[in-house]
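Peer 1: The sequence and its predicted three-dimensional model are supplied below.
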Amino acid sequence: MNKSTYHHGDLANALVTAALRQIEKDGAEALSLRELAQSLDVSRAAPYRHFEDRDALLAAVAARGFEDLVAAYDVALASPGDGRARLYALSRAYFDFATGRPGLYRLMFESDFLGRDPPPAVLVPPADAAYRRIWQAYCGS
């Protein structure tokens, strides 16, 4: 395995995707940047060129989770029926996400990321979008 021959057009995205798979399989606690780099056939230092530390990578993975949740919410909000039916569909999407992707869900909602002052910048737009969808379903606007 020659680490110097690895050329990836988007290593940051590959790291987030690989970390997401690992978290969904074993939980965030099991994530090792060293093992992640090895699985992508890059040097141990390569992840640090894109993420300051493990915490920054985990925040990026949580942001991806919020993006996926927003997509599920958008499908729910586009469903037929009145406001009550759409709110139920949105609640169902949240429940399905939480039960179908428990490792990612725990990272998003049980970590301290959103409680930090300030929260990681990468998380703010997708988390805000998710909460806006809930408000939209609740208020009907």
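Peer 2: Everything's here; your move. Numbers count the residues shown, from 1 in each chain.

Peer 1: what about dumping the CA coordinates of the longest helix anywhere in the chain to CSV?
Peer 2: In the chain, assigned by DSSP state H, the helix with the most residues is helix 54-77. Backbone C-alpha positions of helix 54-77 (Å, rounded to 0.1, in the frame of the first residue of the first chain) are rendered in CSV as follows:
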residue,chain,number,x,y,z
ARG,A,54,-11.8,14.0,15.5
ASP,A,55,-14.4,16.4,16.9
ALA,A,56,-14.5,18.4,13.8
LEU,A,57,-15.0,15.3,11.7
LEU,A,58,-17.8,14.2,14.0
ALA,A,59,-19.5,17.6,13.6
ALA,A,60,-19.3,17.3,9.8
VAL,A,61,-20.9,13.8,10.1
ALA,A,62,-23.7,15.2,12.3
ALA,A,63,-24.2,18.0,9.8
ARG,A,64,-24.6,15.4,7.1
GLY,A,65,-27.2,13.7,9.3
PHE,A,66,-29.2,16.9,9.6
GLU,A,67,-29.1,17.2,5.8
ASP,A,68,-30.5,13.7,5.5
LEU,A,69,-33.2,14.5,8.1
VAL,A,70,-34.1,17.7,6.2
ALA,A,71,-34.6,15.7,3.1
ALA,A,72,-36.9,13.3,4.9
TYR,A,73,-38.8,16.2,6.4
ASP,A,74,-39.2,17.7,2.9
VAL,A,75,-40.8,14.5,1.7
ALA,A,76,-43.1,14.5,4.7
LEU,A,77,-44.1,18.1,4.2
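
Peer 1: Now do that helix: which elements does it pack against?
Peer 2: Here helix 54-77 touches helix 11-26, helix 33-39, helix 83-100, helix 102-110, helix 124-139, going by 3 or more Cβ pairs under 8 Å, 6 or more residues apart in numbering; DSSP states H and E. For every residue, glycine as well, the C-beta is placed using N, CA and C.

Peer 1: Neighbours of residue 75, how many?
Peer 2: Neighbour count of residue 75, defined by other Cβ atoms under 10 Å: 12.
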